[in-house]
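*Asks:* No sequence on hand, only this structure:
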Ligand SMILES: C[S@@+](CC[C@H](N)C(=O)[O-])C[C@H]1O[C@@H](n2cnc3c(N)ncnc32)[C@H](O)[C@@H]1O
């Protein structure tokens, strides 16, 4: 049986990770982080990083951009605050405790929304994706790095079996690509730009969506093109 993720449980789990997070997850996600930063910098402007954690990425963004970081975990954010002060990251406009599923920003606030290794940590990922889209300006980009779960077979069975353990650690192992596809297909304003595997282990991907201005046509053909 799969154990559901709950926001409070996830926040608590990352509170426990905070003191050792950089040591454990700093190097392992480095290549994904730098791919996401490059993608966000290419668009530029005002960037929201959801699930900013200890702020490991903040230093990497071009200083010509402005960054806002949000996270559900106080202890993770407090590490990010220390980093911003220590490294004098003046391009960081703000850091705030906020739930990815309930962002408090007005519609069309950011040129880019970045979510690195976060989508699989929220209880209702599609609700978070809806929020990313809402706060994104038209023609802006959602840049996600995430683990993609298997659709079927042994790996899928193993991922389901691991869920009770990984939910206690703060993330889910099962999250097949089909969930992104179904989310995007329902929304005429969403267009998939890219899905590219990134290290480590070959199970992680960089995913980019854009928000088309209202009045654009159907998106399904474009999405299929971007995947293949
Ligand atoms: C695996 S860590 C990734 C941190 C950072 N993005 C990185 O690349 O190192 C997941 C982060 O997402 C945050 N998080 C989990 N659920 C969240 C939610 N519902 N809203 C906002 N942040 C959330 C966690 O507190 C944690 O800092």
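*Replies:* Arrived safely. All values reported here derive from a predicted model rather than from experimental measurement. Numbering: from 1, shown residues only.

*Asks:* Going by C-alpha atoms from here, please, whenever you check contacts or count neighbours.
*Replies:* OK.

*Asks:* And stretch 111-120, how far out from the chain middle?
*Replies:* Taking Cα atoms, centre = their mean, to the nearest Å, the mean C-alpha location of stretch 111-120 is offset from the chain mean by 2 Å.

*Asks:* Just the terminal-to-terminal distance for that stretch.
*Replies:* One end of stretch 111-120 to the other measures 23 Å (Cα to Cα, to the nearest Å).

*Asks:* That one and the ligand, any residue contact?
*Replies:* Yes. Part of stretch 111-120 sits close enough to the ligand to count as contact by Cα under 6 Å from any ligand atom, namely 116-118.

*Asks:* Name the spans of the protein whose pLDDT lies under the cut-off.
*Replies:* 1-4, 149-174, 200-201, 215-228 (pLDDT under 70).

*Asks:* neighbouring contacts of the strand ranked longest in it?
*Replies:* As assigned by DSSP state E, the longest strand anywhere in the chain is strand 136-147. Outside of strand 136-147, the residues within contact range by Cα atoms under 8 Å, 6 or more residues apart in numbering are 32-33, 36, 39-40, 43, 107-120, 132-133, 173, 175, 203-214.

*Asks:* can you tell if that strand touches the ligand?
*Replies:* No. Using Cα under 6 Å from any ligand atom, we find that strand 136-147 stays clear of the ligand, coming within 8.4 Å at best.

*Asks:* For that strand, could you pull out the residues that count as buried?
*Replies:* Within strand 136-147, the residues scored as buried using 16 or more other Cα atoms under 10 Å are 136-147.

*Asks:* strands paired with that strand, and their directions?
*Replies:* Take DSSP bridges as the rule and strand 136-147 pairs in its sheet with strand 110-116 (parallel), strand 204-211 (antiparallel).
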